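Peer 1: With the sequence up front, the predicted model follows.
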Amino acid sequence: MSDRRRLTPTDRRSVYNLTGGRCAYCGQELAFRDMQVDHVVPLHLGGADEAFNMFPACRSCNHYKRGMELERWRAQLEAIPATLARDCYTYRQGVRFGLVKPVSQKVEFYFEKISKTDTTGCAEVI
């Protein structure tokens with residue numbers, strides 16, 4: 001990781017602006033100081049340490065994604081209801097008593113949602 005380049009304040013601002021000050025994954029609003037820069041394709045999997053491979057991320061998403069590639073992380077997120085049903089007694093009780101409703105759905109990341117609605121033609125989203 002020592003080969004990682006240091007981002008300038010201008011670089012960080014550019015990454016932050018990619019998704020309008022929101023986490024590229026969950027869409028949570030981010031204060032600039034709280035933003036973490038995530039390598040979409042992790043460096044250890046051959047991702048470039050360049051702006052085109054960077055997204056703004058909240059701490060939670062960046063830590064949960066860790067060094068996974070997007071499709072692996074998407075599959076892990078989509079498996080959460082089944083994982084909880086298998087591993088968590090409290091979750092199963094909540095379902096049994098109607099307090100929790102398991103939902104099985106495809107995960108669409110925030111950057112995917114906004115790339116569909118961008119009509120300016122200016123945004124280039126991975």
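Peer 2: Received, thanks.
Peer 1: Any regions of the chain where pLDDT drops low?
Peer 2: By pLDDT under 70, the weakly predicted segments of the chain are 1-2, 118-126.
Peer 1: Helix, strand, or coil at the residue most central in space within the chain?
Peer 2: Taking C-alpha atoms, centre = their mean, the centroid of the chain lies closest to Tyr25, which sits 2.9 Å from it. For Tyr25, the assignment made with DSSP: H, G, I helix; E, B strand; the rest coil gives coil.
Peer 1: Pretty sure it sits against Lys65.
Peer 2: Yes - taking contacts as C-beta atoms under 8 Å, Tyr25 lies within contact range of Lys65: 7.1 Å. For glycine as for every other residue, the C-beta is placed from the backbone atoms N, C-alpha and C.
Peer 1: Overlap in contacts, those two.
Peer 2: 38, 57 (C-beta atoms under 8 Å, 6 or more residues apart in numbering).
Peer 1: Quickly note the distance from Val100 to Lys116.
Peer 2: Per C-beta to C-beta, to the nearest Å, Val100 is found 30 Å from Lys116.
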